[in-house]
Structures are given as structure tokens and as C-alpha cells.
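Chemist: Got a predicted model here, sequence first, then my questions.
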Amino acid sequence: MAFRYLAASSIQYILDHTCHVFNFSCGMKFSSLCLSMISWDLSIILLQLLMLAILQVELYLDRSNAENNLDALVLINGGILAVAKVMCFHIRPLGLISNFTSAVKDYNELNSEENRVIVRRHAYMGRVACASLIFCSYVGSTLFMTVPMLAGDEEEVINVTEESAIKYPMPSENTLTLINMPEKMYFVIFIVEYLMLLLTSTGNLGSDSLFFGIAFHLCGQVEILRLEYNKLSNENERATKDIILLTKRHIYLLKLSDMLNETISSILIVQLFSSCVLICTTGFEFILALNIGNIVMTIKTFIVMCVLLIQLFAYSYVGEYLKTQTEDLGNSVYFCTWYNMPKNVTQNIIFIIMRAQHPVFLTAGKFFVVNMETYMSILKTSMSYLSVLRVMVNS
């Protein structure tokens with residue numbers, strides 16, 4: 001009971017934060033929460049838009065610095081994805097709300113230790129995915145900021161009276177010079193830009209963590225359904241009743257997966273395209289940095305590639321896991337004692353097996369399947385392009 005109460009309470013807390021922003025008729029009790037959540041989301045979006053504007057101006061003012069241009073390109077991509085994900089989850093929240101509502105109900109209806117073990121395991125998988133992504137994003141943002149500062153200028157200073165350039169967490173020196181920002185504001189600007197980097201990571205990978213958590217819970221419910229199919233009895237009256245209930249549950253889980261897929265599909269196509277471009281771009285910069293011995297650029301490009309590959313792997317793993325769980329439903333039904341059941345029940349089981357042969361796919365843009373095969377294909381294609389570029393550089 002304690003586990004069910006804590007789990008349901010934690011999910012209900014997230015659900016309240018999601019639902020009440022879009023439902024202003026909740027009452028006076030949640031009105032302040034609604035306003036605070038809307039204000040917080042608006043502040044995040046405004047800061048991200050400010051960061052994007054600064055980076056665009058910086059690219060316009062200075063196109064000769066390849067390292068700064070790469071940094072700006074990576075941050076622009078992250079900022080656009082962060083704003084898009086936050087806005088998408090708010091504009092189209094039905095998939096998340098329905099899945100969270102179902103998750104609260106699922107926790108309250110746990111009636112066996114075996115089911116609790118499955119739910120705990122998938123909740124742990126969601127927490128590991130969330131912690132891994134957030135850790136990688138925050139560490140990557142911090143290293144992205146500190147490595148150039150710790151390494152210092154590699155160029156030899158000819159004029160000793162020349163003042164050293166001020167380092168900022170993101171490319172913004174020319175923009176700040178253009179608006180005549182005083183140097184005494186350096187510490188404030190430094191903190192604000194670092195917060196922008198953290199908000200970019202939170203809006204981008206934090207939104208992914210929210211999706212992964214509910215996707216793993218959905219996979220856990222499919223696994224529980226598989227166990228229930230295995231336990232089908234051969235009693236005439238009970239078999240008919242059980243098969244009807246399990247079929248309705250199967251249809252309900254398929255509907256939830258379709259709604260979740262609908263929420264993330266449009267963002268995922270942008271995510272995959274930008275990840276492919278950035279993997280090739282940063283990989284090429286990584287090769288150039290190794291050839292010229294630029295340690296700072298080598299470390300930064302390596303960090304960016306690692307974060308991109310981890311993020312892409314997470315989506316591919318979730319898509320593969322969801323596909324496997326729904327596909328294995330057919331095997332679970334086949335291995336039950338269907339041969340001892342009434343004829344009308346066995347005929348229904350045939351349709352269940354046929355439906356399970358068309359598993360749920362995580363799709364990008366409703367046409368591009370995201371799974372481990374996709375991940376390996378993207379990786380192979382990116383490495384092929386990098387091999388060609390490396391040959392061109394060496395020649």
C-alpha cells in the first residue's frame with residue numbers, strides 16, 4: 001500500500017503540473033500554481049529566444065572564427081529544440097495527460113507482487129534514463145563553458161600591452177561589444193549565459209526524460225498484459241470473460257501509445273535531422289582539431305558528439321523496447337492453453353495474434369521508424385561521410 005501511495009502521489013504531482021496549466025477551471029486552489037507554471041515556462045522560452053537572438057547576431061558579426069561558429073551552431077540547435085519541445089508539450093498535451101492519468105490509475109490498481117516488481121523495474125529504467133540524460137547535459141554544458149577558459153589562449157601574444165579577451169560561456173563577445181556592455185557587468189553576464197546553457201539542456205533533454213519515463217511505464221503495462229495473457233484459464237465461462245477484458249486492455253494500451261507517438265512525432269523528425277547534421281559537422285571539426293592539435297576544440301567537439309549520440313541512442317532504445325514488448329504479446333497469447341479453450345475463444349485469440357504481428361513503432365514525422373536499426377543506420381551513414389571527409393583533409 002505504501003508503494004502504491006507514494007508512486008501514485010509522485011505521478012499525480014507531475015500530472016497536476018501538466019493538467020492544471022491547461023485547465024483554468026480547476027478552482028482557486030490551483031490558480032496560483034497555474035500562473036506560476038505559465039510564468040516559469042514563459043520565462044524559459046523568453047530566455048531561450050534571447051539566447052538565439054544573441055547567437056544569430058554573433059554569427060552575423062563574425063564569420064571567420066570556425067570554433068565560435070561551431071559553438072553557436074550547436075547552441076542554436078539546442079535552443080530551437082528546447083523551445084519546440086516545451087511549446088509542443090503545452091500545445092498538444094493530450095497524449096501526456098492521458099498517459100499520466102492512466103499511470104496514476106495503474107499504480108492504484110496494483111494487486112500482485114509480480115506486477116509491482118514489473119512496475120518498479122520500469123520506473124527504475126525511467127529514473128536511470130532521466131538521471132543519465134540530465135547528468136550528461138549539465139556536465140556537458142559545464143565543460144563546454146569551462147574548457148576554453150581553463151585552456152587559455154593558445155595564440156602567442158605579440159603586443160604585451162594588449163588586453164586579453166574576455167571569455168564568456170557562449171559566443172557573445174562581438175554582440176556585447178556592439179551594445180557597449182561595460183566590463184564590470186562581466187560576472188552578471190557570465191552567470192546569465194551559464195543559466196541559459198543549463199536551461200537549454202533542461203528544456204531539451206529534460207523534456208526527453210519526461211517522455212522516456214512515461215514510455216517505460218507504458219512498456220511495463222504491456223509486459224503485465226503479457227503475463228495476464230499467459231494466465232488465461234480453460235474454464236468456459238471465465239475464459240470468455242477474461243479474453244474480453246484483456247482485449248479491451250490491449251486496445252486501450254495501443255490507444256495510449258498512439259497518443260504518445262502523436263505528441264512526440266513532429267519533434268522527433270527535427271531531432272533526428274539536426275542530430276545527423278551536427279554529428280557530421282562536429283565529427284569533421286573533431287578531425288580537423290586533431291590534425292592541427294587544437295586540444296580545446298577536440299574536447300568540445302567530443303563532448304557534443306557524445307551528448308548527441310547518447311540522446312539519439314535513448315530514443316532508439318525506447319522505440320526498440322516498445323516495439324519488442326508489443327510484438328511479444330503474440331507469443332504470450334500463443335503459449336497460453338488456447339487448445340483447451342472453447343472454439344469461440346480460440347477464434348478471438350487468432351485475431352489477437354494477428355494484431356500483435358503489427359507492433360507499435362515510435363515514428364518521426366509518422367513515416368520514419370525510430371529503433372536500434374535506425375540508430376545503427378544513422379551511425380553508419382555519419383561514419384561513412386566522416387571517412388570521406390577525412391580522406392579529403394589528408395589529401
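Modeler: Noted; the coordinates are in hand.

Chemist: Which stretches in the stretch 1-150 of the chain count as helices?
Modeler: Taking DSSP state H, counting those that start in this stretch, the helices of the stretch 1-150 of the chain run over residues 2-22, 31-61, 66-91, 94-108, 113-151.

Chemist: And the stretch 151-300 of the chain, by the same measure?
Modeler: Here the stretch 151-300 of the chain has its helices, by DSSP H, counting those that start in this stretch, at 173-178, 186-201, 207-230, 236-292, 295-334.

Chemist: Mean neighbour count, these: which tops it?
Modeler: By mean neighbour count, with neighbours taken as mean count of other Cβ atoms under 10 Å, helix 207-230 ranks first of the helices of the stretch 151-300 of the chain at a mean of 21. Every C-beta, even on glycine, is put in place using the N, C-alpha and C of the backbone.

Chemist: thinking again about what came up before, and residue 299, which of the helices of the stretch 1-150 of the chain is closest to it?
Modeler: Residue 299 lies closest, by Cβ to Cβ, to one member of the helices of the stretch 1-150 of the chain: helix 113-151, at 5.2 Å.

Chemist: Quick one, which of the helices of the stretch 151-300 of the chain gets closest to residue 376.
Modeler: helix 295-334 (8.4 Å).

Chemist: Show the average pLDDT along the closest one.
Modeler: For helix 295-334, mean pLDDT rounds to 87.

Chemist: again, but for stretch 177-185
Modeler: 80.

Chemist: Quote the end-to-end distance of stretch 102-118.
Modeler: 16 Å (Cα to Cα, to the nearest Å).

Chemist: List the buried residues in that stretch.
Modeler: Buried residues in stretch 102-118, counted by 16 or more other Cβ atoms under 10 Å: 102, 103, 104, 106, 107, 110, 115, 118.

Chemist: any chance of the helices of the stretch 151-300 of the chain in JSON lines, with distance to residue 61 too?
Modeler: Output for those, formatted as JSON lines (distance: least, Cβ to Cβ, whole Å):
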{"stretch": "helix 173-178", "distance to residue 61": "4"}
{"stretch": "helix 186-201", "distance to residue 61": "17"}
{"stretch": "helix 207-230", "distance to residue 61": "31"}
{"stretch": "helix 236-292", "distance to residue 61": "21"}
{"stretch": "helix 295-334", "distance to residue 61": "21"}
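
Chemist: Tell me which of those approaches residue 383 most closely.
Modeler: Of all the helices of the stretch 151-300 of the chain, helix 236-292 sits nearest to residue 383, with 8.1 Å by Cβ to Cβ.

Chemist: The closest one vs helix 207-230, what angle?
Modeler: Interaxial angle of helix 236-292 relative to helix 207-230 (axes from the mean of the first three to the mean of the last three Cα atoms, to 10 degrees): 150 degrees.

Chemist: Next, give me the two most distant ones among the buried residues of stretch 102-118.
Modeler: It's 104 and 118 that sit farthest apart of these, by Cβ to Cβ, at 16.9 Å.

Chemist: Can you tell me, leaving aside adjacent residues, what's nearest to residue 385?
Modeler: Once flanking residues are discounted, residue 385 sits nearest to residue 280: 5.2 Å by Cβ to Cβ, 6 or more residues apart in numbering.

Chemist: Might you list the low-confidence residue ranges for the stretch 1-150 of the chain?
Modeler: Along the stretch 1-150 of the chain, segments meeting pLDDT under 70 span 1-41, 147-150.

Chemist: right, and residue 272 touches residue 370 too?
Modeler: Yes. Look at residue 272 against residue 370 with Cβ atoms under 8 Å: they come within range, at 7.2 Å.

Chemist: overlap in contacts of the two?
Modeler: Common contact partners of residue 272 and residue 370 (Cβ atoms under 8 Å, 6 or more residues apart in numbering): residue 364.

Chemist: how near is residue 351 to residue 360?
Modeler: Applying Cβ to Cβ, to the nearest Å, the value for residue 351 to residue 360 is 17 Å.

Chemist: right, I mislabeled it, should have said residue 279
Modeler: Applying Cβ to Cβ, the value for residue 279 to residue 360 is 27 Å.

Chemist: again with residue 168
Modeler: To residue 360, residue 168 is 45 Å away according to Cβ to Cβ.

Chemist: Next: residue 88.
Modeler: Separation of residue 88 from residue 360 (Cβ to Cβ): 20 Å.

Chemist: How about residue 393?
Modeler: Relative to residue 360, residue 393 is positioned 43 Å away (Cβ to Cβ).

Chemist: neighbour-wise, which of those two wins?
Modeler: Using other Cβ atoms under 10 Å as the criterion, residue 393 and residue 360 rank with residue 360 on top: 21 against 12.

Chemist: Doesn't that one belong to a strand?
Modeler: No. Counting by DSSP: H, G, I helix; E, B strand; the rest coil, one finds residue 360 to be coil, located in no strand.

Chemist: Identify the residues contacting it.
Modeler: Residue 360 makes contact with 254, 257, 258, 261, 322, 323, 326, according to Cβ under 8 Å, 6+ apart.

Chemist: Check what pLDDT it gets.
Modeler: If you check residue 360, the pLDDT there is 87.

Chemist: how close does it get to residue 311?
Modeler: To residue 311, residue 360 is 21 Å away according to Cβ to Cβ.

Chemist: Could you do residue 181 as well?
Modeler: Residue 181 is 33 Å from residue 311, by Cβ to Cβ.

Chemist: Then residue 182?
Modeler: When distance is defined by Cβ to Cβ, residue 182 is 38 Å away from residue 311.

Chemist: and what of residue 206?
Modeler: The gap separating residue 206 from residue 311 is 12 Å, by Cβ to Cβ.

Chemist: For residue 344, which of the helices of the stretch 151-300 of the chain is the nearest?
Modeler: Among those, helix 236-292 sits nearest to residue 344 (Cβ to Cβ), with 7.1 Å.

Chemist: now residue 193, nearest residue through space, not along the chain?
Modeler: Nearest residue to residue 193 in three dimensions, chain neighbours excluded: residue 169, at 4.2 Å (Cβ to Cβ, 6+ apart).

Chemist: Many thanks, I have nothing further to ask.
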